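Novice: give the three-dimensional model of this entry:
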Amino acid sequence: MIRHAEISDLPEIIRMCTAFCKTVGVPIDEQSAIDTTVNLINSDLGVALIGDGSMAGAIAFPMFFNKNILAAQELVWWVDKDKRSGGEGMEMLAALESWAGSVGAKQLIMLSMSDTSPQHVDELYLNNGYKPLEKTFVKVL
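Specialist: From the prediction side, this is the model:
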């Protein structure tokens, strides 16, 4: 069952954030992950969700070019490998979509890391009504 995260969920959230960072090859600063999660829990326009081996965080904001349109963007979405074929990921995606609608967002922006099964993730998004919008490039400085 997916639910809104609470402060008592921080150890499990940090465990999953650590697994996410290891998978995508970025360093984790646990205090940053804790602070961000607490901010999402306490924000009217943010959410931290947790399930059985899954977690997600997102934030809603007025669009840059049209402040009258609220958009929501996923910040992190993780499902433990042993839970990925059991529907937990789809349940989390549905919960993110539900939350975004509940705060008045007109769109939900989901991200896909280039090194985490891009064909599978693309297919998942496309099969659930998402369309590609832009490609992101990152340069380590």
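
Novice: how about low-confidence regions in the chain?
Specialist: Low-confidence segments of the chain, defined by pLDDT under 70: 114-118.

Novice: could you pick out the longest strand of it?
Specialist: Longest strand in the chain by number of residues (criterion: DSSP state E): strand 66-79.

Novice: CA atoms only: put that strand into CSV for me.
Specialist: Listed next in CSV are the C-alpha coordinates belonging to strand 66-79 (Å, rounded to 0.1, in the frame of the first residue of the first chain):
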residue,chain,number,x,y,z
ASN,A,66,2.7,30.5,-17.5
LYS,A,67,2.2,31.0,-13.8
ASN,A,68,-1.5,30.0,-14.2
ILE,A,69,-0.5,26.4,-14.9
LEU,A,70,0.7,24.3,-12.1
ALA,A,71,3.0,21.4,-13.1
ALA,A,72,4.4,18.6,-10.9
GLN,A,73,7.7,16.9,-11.3
GLU,A,74,9.1,13.7,-9.9
LEU,A,75,12.3,14.2,-8.0
VAL,A,76,13.0,10.6,-7.2
TRP,A,77,11.1,7.3,-7.9
TRP,A,78,12.6,4.0,-6.7
VAL,A,79,11.3,0.5,-6.6
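
Novice: can you give me the buried ones in that strand?
Specialist: By neighbour count, with 16 or more other C-beta atoms under 10 Å as the criterion, the buried positions of strand 66-79 are Leu70, Ala71, Ala72, Gln73, Glu74, Leu75, Val76, Trp77, Trp78, Val79. No exception for glycine: its C-beta is placed from N, CA and C like everyone else's.

Novice: show me what that strand is packed against.
Specialist: Using 3 or more C-beta pairs under 8 Å, 6 or more residues apart in numbering; DSSP states H and E, the elements in contact with strand 66-79 are helix 10-24, strand 54-63, helix 88-102, strand 107-109.

Novice: just checking: what are the partner strands of it?
Specialist: For strand 66-79, the paired strands and their directions (DSSP bridges) read strand 54-63 (antiparallel), strand 107-109 (parallel).
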